[in-house]
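Model the following, please.
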Amino acid sequence: MTKLAVCMPVYNAGDFLDRAIRSILDQSFADFDFYICDDKSTDNSADIVSSFDDERIIFLRNRKNMGPATTRNRMTKEVYKKGHEYMALMDADDVCDTDRLKVQVAHLDENQALAICGTAINIGCSGGIWEVPKTPALAKVACIFNNPFPTPTLMFRVEPLKKTKEMYKPSMVPCADYAFLAELMIKHNLPGVGINLPMGTYTYNANGVSHQDCRVGQIKKDKEIKANILKYLNIQVPTGWVSSFHDLCFYNDDASEDDFVSFCKVASLLYARNELQNVFARSYLRDSLAHRIKRYQERTLFTIEGIEEASLDGKIVDGRKLRGLMQFALKNIAGQI
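Coordinates of the predicted model:
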């Protein structure tokens, strides 16, 4: 049995597919099976895949268009059946550095406690670099605020992944990758780490799933993920607080004073939860929250009056107690800047 499976969904990626496939087949690490699943493309994608004569390619075809999440899940189930040790993800419009698989396999081999490994990636349209958190503690905190690892750089240790029984959720497209990582890293506490060396190039594809849905749709799904993360921690708050928390997580310059207050409410509950259970590395959580609080506190007239009820561990936290939590959290968070 080959050590590694590489999984790549394909849908109408004809303009980019040849180079994406070649960047995998030309890897310096060669012991892998390459699962490619065409999601009923209407262009020449299937013909491009069929043109490659390489025994490592396992070509699957959906009978109807199923979407990227279901297509990834189909390949994941095949990987589970075959018993590969590692599973790497790839996108049909991106390119891998020649040593990507070798570097990640070696890192997972040397660090048996790790379940997830990502890398930095070059952003083709801007010339920038998507950098990644370099320790599991940093990565777990980063996952509260955004997707910590680019999807086409991910590699998983299959056994702990399989035990979670988690799969990509079609309802979370176009943010299904972030939702999946949040479940693994926060809900199931799987440790993940980033290699902060660009091992590929992310391509802006106007027809790709990340760009087909309007920005409003992406924001809506991201807010759902933030709400789910709080639920994993037994914290339930009003929808408006989650919306404000999302906006300040992304440093939205249009955030209002009310948004700032709501962010601080959520921050206080997160901080209090962590003091009780030590879910996250305290200093990293504090610094990530403090950086956002500092930025907005400087330009708002902050007040903590009129706070509504929230829920912590299923128990109602009344306004007076929540104000106390906020004062405690803000003193310990913002006071550490």
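
pLDDT averaged over the helix or strand harbouring A5 - what is it?
In this assignment (DSSP states H and E), A5 forms part of strand 4-10. Here strand 4-10 scores 98 as its mean pLDDT.

Which residues does it contact?
Outside strand 4-10, the residues that touch it by Cβ atoms under 8 Å, 6 or more residues apart in numbering are 17, 20-21, 24, 29, 31-39, 41, 45-46, 49, 68, 71-72, 75-76, 78-79, 82, 84-92, 101, 105, 155, 158. All C-beta spots, glycine's among them, are computed from the backbone N, C-alpha and C.

Return a ChimeraX selection command for the buried portion of these.
Here is the ChimeraX command that selects the buried residues among those (16 or more other Cβ atoms under 10 Å):
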select :17,20,21,24,29,32,33,34,35,36,37,38,39,41,45,46,49,68,71,72,75,76,78,79,84,85,86,87,88,89,90,91,92,101,105,155,158
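
Now go through the contacts of strand 4-10 and say which are in strands.
Among the contacts of strand 4-10, the members falling in strands (DSSP state E) are 32-38, 86-89, 155.

pLDDT and distance to A13 added to those, as CSV?
Shown next, in CSV, are the ones in strands among the contacts of strand 4-10 (pLDDT from 0 to 100; distance: Cβ to Cβ, whole Å):
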residue, pLDDT, distance to A13
F32, 98, 20
D33, 98, 20
F34, 98, 15
Y35, 98, 15
I36, 98, 10
C37, 98, 12
D38, 98, 9
Y86, 98, 24
M87, 98, 20
A88, 98, 18
L89, 98, 15
M155, 98, 21
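
And the strand holding A5, how far out from the chain middle?
Relative to the centre of its chain, strand 4-10 is centred 18 Å away, using Cα atoms, centre = their mean, to the nearest Å.

Which strands border that strand, and is each parallel or antiparallel?
strand 32-38 (parallel), strand 86-89 (parallel) (DSSP bridges).

For C143, which three-state class applies?
The three-state assignment at C143 reads helix, by DSSP: H, G, I helix; E, B strand; the rest coil.

how deep is it tucked in, by neighbour count?
For C143, the count of nearby residues is 23 (other Cβ atoms under 10 Å).

ok now do the spatially closest residue to it that is not a sequence neighbour, which residues does it touch?
Spatial nearest neighbour of C143, excluding adjacent residues (Cβ to Cβ, 6 or more residues apart in numbering): M185 at 4.9 Å. Contacts for M185 (Cβ under 8 Å, 6+ apart) come out as 116, 139-140, 143, 148, 191-192.
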